[in-house]
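Asks: pasting a predicted model and its sequence here:
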Amino acid sequence: MSKISKLLLLFMLAFGHSYASEIIHIKHTDGDMSFAVRQAIENAKEKDIELVFEKGTYTFLTDYALGKYIYVTNHGNGFKKIIFNFNGFNSVVINGNGSEFIFHGQTAPFVFEGCKKIAVKNVTLDWDIPFSFQGDVVAVNKEEHWYELKPYTKGYSWKLAKGKIEFPGINNFNFSSLGSSLPHNKETKAVDYGAWDSSLKSNLVEEKADGVLRFYQYNLKKFPRVGSVLQSKGDKKIIGMHQHF
């Protein structure tokens, strides 16, 4: 399994001890766990619940995920596939016991609506294939309106088609341009000094020697710095950012 950005879920939206009146134990099982989790939540009898996962690596696909139209900040409004859907609970605790949750495809892992107290702890989140494109900036020519990237390949999914970049190619979904892109400092992993968050839509993409890609964009005002890492997430209204160095 390809590992992308190991995102340690450090946020806890509620603090203190768990006072759940219903504790639901989730036993580790190989394969898609989306339906099992959905059933556990939908069959809960109390309004104060805790989901306790046996330690392990869990896979979540979208086939049995709940689908509904929702409004999400910094995303486009629309139909989303949701793995953990909580609605109208007094309190929710998700305790991973050191587990790793691996998601696949277009999905919103957690949605909490009308819940008063929330805690998510002891779990890391990852995607098997990220919805992003990433590469080292190796050359820039402002006069000829192009920049070159050495794209990351391990764990990433992309291809060239008729002079356009397409990614990630998951479940028949693709972005057709880099879209919302931001250079990062390779050493510090922070946003590169003076960098702009740009919407990149190349006029043409060419494959050069050694796997380097040359992107022509004639209206580009701010070029990424050579030596930086350009991270692109397509249309920012559709997918959130995944970042990996």
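Replies: Perfect, I can see it now. Computed from a prediction, not measured in an experiment: that's the story for all the values here. Numbering: from 1, shown residues only.
Asks: can you list the weak-confidence ranges in the chain?
Replies: For the chain, applying pLDDT under 70 flags the ranges 1-19, 74-75, 236-245.
Asks: distance from the centroid: which residue in it tops it?
Replies: Within the chain, the residue lying farthest from the chain centre (CA atoms, centre = their mean) is residue 143, at 34.9 Å.
Asks: if I look at that one, how far off is residue 117?
Replies: To residue 117, residue 143 is 58 Å away according to CB to CB, to the nearest Å. Backbone N, C-alpha and C define where each C-beta goes, glycine included.
Asks: which parts of this protein are helices?
Replies: Secondary structure of the chain by DSSP state H: the helices cover 34-42.
Asks: quick one: the residue farthest from the centre of the chain and residue 218, what's the gap?
Replies: For residue 143, the distance to residue 218 - CB to CB - is 12 Å.
Asks: repeat that for residue 133.
Replies: Residue 133 sits 20 Å away from residue 218 when distances are taken as CB to CB.
Asks: circling back to that earlier point, which residues touch the residue farthest from the centre of the chain?
Replies: Under the criterion of CB atoms under 8 Å, 6 or more residues apart in numbering, residue 143 has no neighbours.
Asks: next one: residue 147
Replies: 137, 139, 140, 141, 214, 215, 217, 220, 223, 224.
Asks: show me which strand runs longest in the chain.
Replies: Assignment by DSSP state E gives strand 91-103 as the longest strand of the chain.
Asks: what strands line up against it, and which way round?
Replies: Sheet pairing here is set by DSSP bridges, and for strand 91-103 it gives strand 48-53 (parallel), strand 57-60 (parallel), strand 117-127 (parallel).
Asks: just to revisit the earlier point, out of the contacts of residue 147, who's the most crowded?
Replies: residue 224 (24 neighbours; other CB atoms under 10 Å).
Asks: touching, that residue and residue 194? I think so.
Replies: No. Residue 224 is beyond contact range of residue 194, at 10.5 Å (criterion: CB atoms under 8 Å).
Asks: any idea how this protein splits into domains?
Replies: As given by automatic domain parsing, the domain ranges for the chain are 7-127, 133-232.
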